[in-house]
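Asker: Take this sequence and fold it.
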Amino acid sequence: MGTRLTVATEPRVFRGASVQSRLLGLGLRHTVRPLLGLWAHLPFDVFPPNLLEHAARLLPVHEGTSWRHVQLDGCPAEWLRAKGVDDIHDGNQKAILYFHGGAFLTCGLNTHRRLVSRISYASEQPVLNVGYRQMPYEPIAESVADGVVGFRWLLDQGYRAEDITIAGDSAGGYLAFSVARAVMDADLGRPAGVVALSPLLDVDSSHKAAHRNADRCQTFPLKALERFTEVSLRMDTRRGINGQRVCPVNMPVDDLPPTLIQIGSREILLADAELMANRLVQAGVPCDLQVWDRQVHVFQAAASWVPESRAAIEEIGTFVRDLAAREETASTPVTTVPRTAAGTKAAAQA
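Answerer: Numbering: from 1, shown residues only. As a prediction, the model looks like this:
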C-alpha cells in the first residue's frame with residue numbers, strides 16, 4: 001500500500017481541478033507516459049536529439065518580454081525581463097536564477113522561456129535562465145557546477161547573494177537546492193530563497209516506489225524514474241564520481257533560505273516534495289509546501305490555458321516579492337528618538 005509521509009507542517013492544499021487541467025492530465029497519461037514507459041523497457045540506452053528544444057523556438061513569450069544571450073563559462077544562458085521589469089542598472093536590486101526541467105536529458109532555454117517570462121512578470125524581477133550541460137554528455141555534477149557559474153555571474157553584475165532567489169522546475173528543482181547548497185558552501189553568500197516546481201529531489205527511486213502515488217502519476221511511470229536512476233549512476237561512475245554527489249533530500253538543510261515547493265497531488269514526485277519539506281521544517285527552515293489538486297507535472301508551464309497554472313505563478317510571484325520585502329525591512333535601520341522630558345510628556349498626552 002502506498003504511504004504518505006507525515007510532514008512537520010501541514011501542506012497548503014489548493015483544491016479543485018478545472019476542465020482544462022483534467023484534459024491536460026488525460027492527454028499526458030495517454031501520450032507522454034506510455035512513451036516514457038517504452039523508453040524504460042528498452043534493452044539499450046536511447047537519447048534522441050533534443051527535438052523539444054528546437055521546436056520550442058516558435059513558442060511565444062509573455063507580452064513585452066525581452067531577453068539577450070549570455071555566454072557563461074561552459075554553457076549558454078539568457079538574461080530575461082518581463083514587461084515593465086527593471087534590472088540592477090535601473091535600480092532593481094533583486095533577481096532570479098532559474099533552471100529548466102527535463103530530467104537532465106532534454107529541454108532548455110527555448111522550452112522554458114515562456115514559463116520564465118511569466119515568473120519574471122509575477123515576481124517583478126529579471127531572470128538569468130541557465131542552459132546548463134546535461135546527460136548523456138555530462139553528469140549531474142556538471143549541471144550543478146554550471147548553476148554556480150550562473151550565480152557568480154549575477155554577483156559580478158552587482159547583485160548581492162541575499163537578493164537572488166534560486167528557482168527551477170523538475171530537474172531544475174534539484175539544481176535549485178543543490179546550487180543554493182553549493183554557493184553557501186563556497187562562501188558566496190546565502191540566497192534569498194528557493195522555489196521548486198514539481199521538483200525531482202532524490203535520484204534514488206525506492207522511496208517513490210513505496211509512495212501512494214507510485215502508479216497514479218499522469219506523466220511518469222515508476223519504471224522511467226528507475227531507468228533514469230540507472231543512467232545517472234552510470235554517468236557518475238564513468239566520470240569517477242560515483243557516491244560523491246549528494247541529492248537535495250540528503251544534504252544539510254538547517255541553514256538554507258526560505259523555500260516554496262509546488263507539486264501536483266498525484267505526482268510521483270510528491271514523495272520527494274514531502275520528504276524535503278519534512279527535513280526543512282524540522283530544521284527550522286520556513287517551507288511553504290503547496291499541493292495542487294490533480295495537477296500534472298510542472299503544470300505551471302500551461303499558464304496560457306490552465307487557470308490553476310496562472311494561480312500557481314501568482315503564488316510564486318507573491319513568495320518572491322515577500323522575500324524582497326522581508327530583506328528590505330531587515331536592512332532598514334531603526335531610528336531611535338532620545339527620550340526627553342518633553343517627548344515623554346507628549347507621548348503620554350497622545
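Asker: Okay, the closest residue to His211 other than its chain neighbours and Phe44: tell me how far apart.
Answerer: The shortest distance from His211 to any non-neighbouring residue, by C-beta to C-beta, 6 or more residues apart in numbering, is to Ala271 (3.9 Å). Every residue, glycine included, has its C-beta placed from N, CA and C. Distance, Ala271 to Phe44, using C-beta to C-beta, to the nearest Å: 29 Å.
Asker: Next, the contact list for Pro76, please.
Answerer: His69, Val70, Leu109, Gly131 (C-beta atoms under 8 Å, 6 or more residues apart in numbering).
Asker: can we see that at 6 Å?
Answerer: Gly131 (C-beta atoms under 6 Å, 6 or more residues apart in numbering).
Asker: bridging residues for it?
Answerer: Residues in a beta bridge with Pro76, per DSSP bridges, are Gln71.
Asker: So for Ala271 and Phe44, which sits in the more crowded spot?
Answerer: Neighbour count, other C-beta atoms under 10 Å: between Ala271 and Phe44, Ala271 has more, with 27 against 4.
Asker: Make sure that one is indeed in a helix.
Answerer: Yes - assigned with DSSP: H, G, I helix; E, B strand; the rest coil, Ala271 falls within a helix.
Asker: Surely it is in contact with Ala210?
Answerer: No - Ala271 is beyond contact range of Ala210, at 7.8 Å (criterion: C-beta atoms under 6 Å).
Asker: Could you find the closest non-adjacent residue to Ala209?
Answerer: Closest to Ala209 by C-beta to C-beta, 6+ apart is Leu222, at 5.8 Å.
Asker: Would you confirm that that neighbour contacts Ala214?
Answerer: Yes - counting by C-beta under 6 Å, Leu222 sits close enough to Ala214 to count as a contact (5.3 Å).
Asker: The residue nearest to Ala209: how many residues sit nearby?
Answerer: Here the count is done by other C-beta under 10 Å, and Leu222 has 18 residues near it.
Asker: quick one: secondary structure of the residue nearest to Gly64 when sequence neighbours are not counted?
Answerer: Spatial nearest neighbour of Gly64, excluding adjacent residues (C-beta to C-beta, 6+ apart): Lys83 at 2.7 Å. Using three-state DSSP, the structure places Lys83 in coil.
Asker: And Lys83, what's its pLDDT?
Answerer: Here, the pLDDT recorded for Lys83 equals 94.
Asker: Number of residues surrounding Val306?
Answerer: A total of 23 residues lie near Val306 under the criterion other C-beta under 10 Å.
Asker: Confirm that Glu78 lies within a strand, as I assumed.
Answerer: Yes - under three-state DSSP, Glu78 falls within a strand.
Asker: That one and Gln71 touch, don't they?
Answerer: No - in this structure, Glu78 is not within contact of Gln71 by C-beta under 6 Å, at 10.0 Å.
Asker: just checking, the residue nearest to Gly64 touches Ser66?
Answerer: No - counting by C-beta under 6 Å, Lys83 sits too far from Ser66 to count as a contact (8.3 Å).
Asker: which stretches of the stretch 1-150 of the chain form helices?
Answerer: In the stretch 1-150 of the chain, the helices defined using DSSP state H, counting those that start in this stretch lie at 19-29, 32-41, 51-55, 109-123, 140-157.
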